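Colleague: coords below, sequence missing:
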């Protein structure tokens, strides 16, 4: 039997053995043997066995793929996670080269070369790898490979843990692609970027912002006052007031369209969109970033359009015709005073396109809508005649002529036309 006793501050295990005396007498011989180290080793082995059992259970049930190899990279054991990743059963995987499952034709060559080098030297490594399962499905894994060694330090194999990171990698690659598209879009669209530190008034401009106004990399002072000096005198006051009011109200965004002087002396129209990106403890803005877009061409087109519309309106007034202009992109519908008079509506300026359609006589409504839809789809001029019910309830006959502008992809973007009251002519024809 064995018992444990305490000697001073130490605990020792002792084995006591009892035997009859060798001389055949009734005496009993007792021997005592210190087995503390043996018991300690047994306890350590039991602890290690329990730990190994726990690790084996974790390895088997983890969602990650786990494999163990010998020194020659031949697989000796895999868990269920490995099978889920690779599509290979344990009995099929055992005995095969580990790299058969880790790399594929689309794996990064530099990563594969580094992985091979570490395995040859018996070193651990961690990397991201593109692999392919038995069905040809590509997937990304975070691969952690660590060497196993015996008591002398010689490598006896490797343990490999694979975490499926396909979703994370695809998301990262998608964000990178989006950022690249954004950079290309910004560069191609004439968009400049800036940031303002409100505590000291310094401004950081990107190269595109400087090019919009003809500045070189070192040709502009990075101060908010520089910006204000460049703004057109007619716009400077209201732009400064708009910015000040926006900051005072604690608004996060501010938008404005104004003119800025180019280095060659001409005026450039900009659309400025700013956003507060940092505040102090009191909630006051401390940093603003923004983008500016050159809209000079758009402003010139709008001015030309207004000129054409004004001339058309003058000609229509002279001929007692109403004029309407429908911006299909922004949903704006404009008509002149003469059209208001024809339709019997009090007021001037903008109108709702739906209000205009409500004027059409119920018996003519379906036909007119179909004719308009067909003309818009085909991008063809339209000449039609119908009845309207004026605002005062009177039914009148009108005749209209319109034309449609199409955008770069063939979609209608604008329709403009004239309308005339032909009631008296229709009545004479009927008589």
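Modeller: Done, it's in. Everything quoted here is computed from the prediction, not taken from an experiment.
Colleague: Which pLDDT value goes with residue 51?
Modeller: For residue 51, the pLDDT comes out at 55.
Colleague: For residue 239, which non-adjacent residue is closest in space?
Modeller: Counting by CB to CB, 6 or more residues apart in numbering, residue 258 is the residue found nearest to residue 239 once chain neighbours are left out, at 5.1 Å. Yep, even glycine has a C-beta here, placed from its N, CA and C like the rest.
Colleague: where does the one you found land in three-state SS?
Modeller: Secondary structure for residue 258, judged by DSSP: H, G, I helix; E, B strand; the rest coil, is strand.
Colleague: residues near it, how many?
Modeller: 19 (other CB atoms under 10 Å).
Colleague: My read is that it contacts residue 272, right?
Modeller: Yes - if you go by CB atoms under 8 Å, residue 258 and residue 272 touch, sitting 7.0 Å apart.
Colleague: Phi first, then psi, for residue 334.
Modeller: Backbone torsions for residue 334, taken as degrees, to the nearest 10, come to phi -120, psi 140.
Colleague: Would you check that it makes contact with residue 324?
Modeller: Yes - the pair residue 334 / residue 324 is scored as a contact, 6.8 Å apart, by CB under 8 Å.
Colleague: hang on, the earlier thing: wait, what's in contact with the residue nearest to residue 239?
Modeller: Contact analysis of residue 258 by CB atoms under 8 Å, 6 or more residues apart in numbering lists 231, 232, 235, 239, 269, 270, 272.
Colleague: repeat that with 10 Å
Modeller: 231-232, 234-236, 238-239, 242, 267-272, 292 (CB atoms under 10 Å, 6 or more residues apart in numbering).
Colleague: which of these count as buried?
Modeller: Buried subset of those (neighbour count, 16 or more other CB atoms under 10 Å): 231, 235, 239, 242, 267, 268, 269, 270, 271, 272, 292.
Colleague: Tell me which other helices or strands the helix or strand harbouring residue 427 touches.
Modeller: Here residue 427 sits within helix 423-430, counting by DSSP states H and E. Applying 3 or more CB pairs under 10 Å, 6 or more residues apart in numbering; DSSP states H and E, one finds that helix 423-430 contacts strand 382-389, strand 395-406.
Colleague: what's in contact with it?
Modeller: Taking CB under 10 Å, 6+ apart as the rule, helix 423-430 contacts 342, 385, 387, 388, 394, 395, 396, 397, 398, 399, 422.
Colleague: of the residues you listed, buried ones?
Modeller: If we count by 16+ other CB under 10 Å, these have these buried: 342, 387, 388, 396, 397, 398, 399, 422.
Colleague: surely the fifth one meets residue 387?
Modeller: Pointing back at residue 397 there. Yes - counting by CB atoms under 10 Å, residue 397 does reach residue 387; the two are 5.6 Å apart.
Colleague: Quick one: the strands in the stretch 51-200 of the chain, in order.
Modeller: Remark: strands assigned in the stretch 51-200 of the chain by DSSP state E, counting those that start in this stretch are 65-70, 75-78, 125-132, 138-149, 155-164, 191-197.
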